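> Give the three-dimensional model of this entry:
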Amino acid sequence: MMNGPRVVVIGGGIAGLATAYQLQRSAARAGHTIELVLLEREDTLGGKIQSVREHGFLSEAGPSGFLDNEPATLRLVEQLGLKDQLIRSQDAARRRYIIRDGQFHELAMNPIGFMRSPLLSFPGRLRVIGEMFTKAKTDDSDETVASFGRRRMGREFTEVMLDSMVSGIFAGDIEKLSIKAAFPKVPALEREYGGLIKGMRAKQAEASQKDGGGKKKVEAGPGGVLHSFRGGMGQVIQTLAAQLGENVVRTGEIVDSITPREDGGLTVSGSSSITADAVVLAAPAFVSARLLQPWSATAADALAKVPYAGVHVITAGYDQSQVSRSLEGFGALIPRSERIRVLGSLWNSSTFERRAPDGSVLMTTMVGGAHDAPASKLSEDELVALLTREVHPMYGIKGDPKHLRVFRWPAGIPQYELGHLDRVAQVEQELAKIPGLFVTGNSVAGVSFNHCVRHAEEVAQNVVAFLQPNLESPAHATANVGEAAN
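This next block holds a predicted model:
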């Protein structure tokens, strides 16, 4: 027997690990005892966040870094004692490219550079500048990213630049993704200022006033500077797991159901049977939907409607002499109009230090996405053949990679399609009626590392608030974990 309520977190990706850690930290800070159990189906933690170092090359299975514009992430780095392991992206990573007509075009970072860039035709560039004179939408209804882009900046910008950028973030279809759910800051500028250019100018003026008249860059996108860790993004997963401890984290644990107990608590059943006072679902949407079905068909159906795009990652290392094109930059994305099957490539060895041995380069190529579901059926050899056939000629690469690693994610990235915000609201409304059940993860919190870390803080606070009566009751006790192992 152990005093204090028990919380079970289902899912060992960044959302589940960060939520468990914040729960542990909140309880310790308040002098309370919370017994934590984190269950992960796979034998490894971190989900798609994995860093593998082989032969001097550091391969990332998922995100290669995070932007430093989220306070919750910076707090987590500080709390974990990882501040001295934090590394800033190199200056070369500010340069980003889009491939059009087989040519690499650097994205211009200022109006003059944009007008001089041949990435878009001259009429296409004029249409973007004309966004300043485009009337604002008069109603608050949602629309797709493509609809928003064509309406405000024209067809060419939408098909070339927006399509590429959405592929890089969501691997998604701009004709289906919701602009409000996927990129909430963008429609907010139109709503508040009447347009994107007007909004960015107004925000820059506001920032300049606060900064004593100095110029401060304001972006419609997420902004911030990309950071990672010396050991890769997997370092934060390893540190979270170590600080939670072996008594908390269990891998290889299947969860079949969550059922109510007569005393108002819950029972999590599967590989083990565990009693709990609260359960946090930090699993993919389709897994959470299955576990929620007996509790709320409405919430389950809403989560089950969140589609996923398969994304497959090929990391390849070469001797510098094998690659004729310079890789000084963050990488290059490819619009669908190019009729090239890969989504783009990131140039890891130029983005962060110590990602490849001296005299070598490392690049990561993404295949799949919402437009290419059949890519999930390709074998590892077929994916490598695709790299050789489509990427090598683009970069003038001669010979085979000296390092190769393939990561396959058939359910790679949740797609925030039209109606996504309504579905999330439905889930929240239904869960408010079910004491002790909580949901987090990139299907509801946002797709990025930062989104998941921020939401973990919020969910941990909500769980502690729910448990407060039990925390204040010295008589509270729960049965031992695994008391009826299956």
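
> Look at Gly264 and give its secondary structure.
coil (DSSP: H, G, I helix; E, B strand; the rest coil).

> Quick check, it in contact with Pro469.
No - with contact defined as CB atoms under 8 Å, Gly264 does not reach Pro469; the gap is 10.9 Å. To be clear about C-beta, it is placed using only N, CA and C from the backbone, and glycine gets the same treatment.

> so how many other residues sit close to Gln322?
Neighbourhood size, Gln322 [other CB atoms under 10 Å]: 18.

> What are the phi and psi values at it?
Backbone torsions of Gln322, given as degrees, to the nearest 10, read phi -80, psi -20.

> and whatever helix or strand Ile87 lives in, what does it pack onto?
Taking DSSP states H and E as the criterion, the element that holds Ile87 is strand 86-88. Under the contact criterion of 3 or more CB pairs under 8 Å, 6 or more residues apart in numbering; DSSP states H and E, strand 86-88 touches strand 226-229.

> What strands flank the strand it packs on, and is each parallel or antiparallel?
Paired with strand 226-229 in the same sheet, following DSSP bridges, are strand 66-67 (antiparallel), strand 86-88 (antiparallel).

> Mind checking those strands for the one nearest to Val128?
strand 66-67 (24.3 Å; CB to CB).

> Tell me the helix or strand right after the closest one.
helix 71-79.

> So which residues of the stretch 1-150 of the chain form strands?
Using DSSP state E, counting those that start in this stretch, the strands found in the stretch 1-150 of the chain span residues 2-3, 6-10, 35-40, 51-54, 57-60, 66-67, 86-88, 96-100, 103-106.

> Could you point out which of these sits nearest Ile237?
It's strand 51-54; of those, that one is closest to Ile237 (CB to CB) at 8.4 Å.

> Need the contact partners of the closest one.
Defining contact as CB atoms under 8 Å, 6 or more residues apart in numbering, one finds that strand 51-54 is touched by 58-61, 231-235, 403, 405.

> and those, which two are the farthest apart?
Largest pairwise distance in the contacts of strand 51-54, by CB to CB, is 19.9 Å, between Gln235 and His403.

> where does the stretch 151-300 of the chain have low pLDDT?
211-222 (pLDDT under 70).

> just to revisit the earlier point, so for Ala188, which of the strands paired with strand 226-229 sits nearest?
So among the strands paired with strand 226-229, strand 66-67 is nearest, using CB to CB, at 18.1 Å.

> What average pLDDT does the closest one get?
Averaged over strand 66-67, pLDDT sits at 97.

> Tell me which residues are up against that strand.
73, 222-228, 233, 448-450.

> Drop anything exposed from those.
Among these, the ones that count as buried by 16 or more other CB atoms under 10 Å are 73, 226-228, 233, 448-450.

> is it possible to export those residues to CSV including distance to Phe114?
As requested, the buried ones among the contacts of strand 66-67 are exported to CSV (distance: CB to CB, whole Å):
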residue, distance to Phe114
Thr73, 30
Leu226, 22
His227, 27
Ser228, 29
Met233, 32
Ser448, 26
Phe449, 29
Asn450, 27
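
> Nearest to Val306, out of those: which one, please.
Using CB to CB, Ser448 is the member of the buried ones among the contacts of strand 66-67 that sits closest to Val306, with 15.9 Å.

> If we only consider the contacts of strand 51-54, which is nearest to Ala432?
Within these, proximity to Ala432 (CB to CB) peaks at Met233, which comes in at 33.5 Å.

> looking at the strands of the stretch 1-150 of the chain, which is closest to Gly441?
Short answer: strand 6-10, nearest of the strands of the stretch 1-150 of the chain by CB to CB, at 9.9 Å.

> Neighbouring strands - and their directions - for the closest one?
When DSSP bridges is applied, strand 6-10 pairs with strand 35-40 (parallel), strand 278-281 (parallel).

> For Asp381, which of those is the nearest?
strand 35-40 (29.5 Å).

> Show residues contacting that closest one.
2, 4-12, 16-17, 20, 23-24, 244, 248-253, 255, 268, 270-272, 274, 276, 478, 481.

> Same check on stretch 92-112?
114, 116-119, 129, 160-161, 164, 226, 325, 328-335, 337-338, 340, 344, 350-352, 394.

> what about that stretch, how long is it end to end?
End-to-end distance for stretch 92-112, by CA to CA, to the nearest Å: 21 Å.

> buried sites along it?
Of the residues in stretch 92-112, those buried (16+ other CB under 10 Å) are 93, 95-100, 105, 107.

> try stretch 185-205
Within stretch 185-205, judged by 16+ other CB under 10 Å, the buried ones are 186-187, 189-190, 193-200, 202-203.

> tell me how far it is from the chain's mean position?
The chain centroid and the centroid of stretch 185-205 are separated by 25 Å under CA atoms, centre = their mean, to the nearest Å.

> related to what we said a few turns ago, now, among the buried residues of stretch 185-205, which is nearest to Ala456?
Val186 (25.2 Å).

> Do I have it right that that closest one meets Val166?
No - counting by CB under 8 Å, Val186 stays clear of Val166, with 11.5 Å between them.

> rewinding a little: ok, which pair from the buried residues of stretch 92-112 is furthest apart?
Maximum pairwise distance among the buried residues of stretch 92-112 (CB to CB): 21.1 Å, between Ala93 and Arg100.

> other SSEs contacting the biggest helix by length in the chain?
In the chain, taking DSSP state H as the definition, the longest helix is helix 449-471. If contacts are counted by 3+ CB pairs under 8 Å, 6+ apart, helix 449-471 sits against helix 14-29, strand 66-67, helix 71-79, strand 278-281, strand 437-439.

> Swap in 10 Å and give it another go.
If you count contacts as 3 or more CB pairs under 10 Å, 6 or more residues apart in numbering; DSSP states H and E, helix 449-471 packs onto strand 6-10, helix 14-29, strand 66-67, helix 71-79, strand 278-281, strand 437-439.

> and stretch 451-463, which residues are buried?
Applying 16+ other CB under 10 Å to stretch 451-463 flags 451-457, 459-460, 463 as buried.

> Just the mean pLDDT for that stretch, thanks.
On average, stretch 451-463 scores 97.

> Could you verify my assumption that Arg151 touches Phe157?
No - counting by CB atoms under 10 Å, Arg151 sits too far from Phe157 to count as a contact (11.1 Å).

> okay, these two: which has more neighbours?
Neighbours per residue, other CB under 10 Å: of Arg151 and Phe157, the larger number sits with Phe157, 20 against 15.

> do you know how far the closest residue to Gly399 other than its chain neighbours is from Ile397?
Spatial nearest neighbour of Gly399, chain neighbours left out: Gln322 (5.4 Å); criterion: CB to CB, 6 or more residues apart in numbering. Distance of Gln322 to Ile397, given as CB to CB, to the nearest Å: 6 Å.
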